[in-house]
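*Asks:* Structure, please.
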Amino acid sequence: MDIERAKEILQSPERIEVKYRGEPVWIEMVDETAEKVRVHSETNPQEVKIIPVYDLDDR
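*Replies:* Numbering: from 1, shown residues only. Reported below is the predicted structural model:
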């Protein structure tokens, strides 16, 4: 995924399925400068990660 798509998903009023390594996640923040996103796991909301945006998949 690229930065622009991650921002679209973050701002969307609709729920868009996003996965990180096959696991469903929710985007909390997009850092354009670092090209990273902060996500939390949908199966374990306490699990928060900062990962490269390119590791996300919305297909």
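*Asks:* C-alpha from now on. contacts and neighbour counts both.
*Replies:* Will do.
*Asks:* what residue is smack in the middle of the chain?
*Replies:* Ile27 (3.6 Å; C-alpha atoms, centre = their mean).
*Asks:* Let's verify that one: helix, strand, or coil?
*Replies:* At Ile27, secondary structure determined by DSSP: H, G, I helix; E, B strand; the rest coil is strand.
*Asks:* For the residue nearest to it when sequence neighbours are not counted, give its distance to Met1.
*Replies:* The shortest distance from Ile27 to any residue other than its chain neighbours is 4.5 Å, reached at Val39 (C-alpha to C-alpha, 6 or more residues apart in numbering). Using C-alpha to C-alpha, to the nearest Å, we find Val39 at a distance of 14 Å from Met1.
*Asks:* the more surrounded of those two?
*Replies:* Taking other C-alpha atoms under 10 Å, Val39 and Met1 do not tie; Val39 has more neighbours (24 against 14).
*Asks:* Give me the neighbour count for Glu35.
*Replies:* 13.
*Asks:* wait, doesn't it sit right on Glu4?
*Replies:* No. Using C-alpha atoms under 8 Å, Glu35 is not in contact with Glu4; the gap is 10.2 Å.
*Asks:* Could you pull out the helices in this protein for me?
*Replies:* Using DSSP state H, the helices of the chain run over residues 3-11.
*Asks:* What ranges does it have for its strands?
*Replies:* 18-20, 23-31, 36-41, 48-52, 56-57 (DSSP state E).
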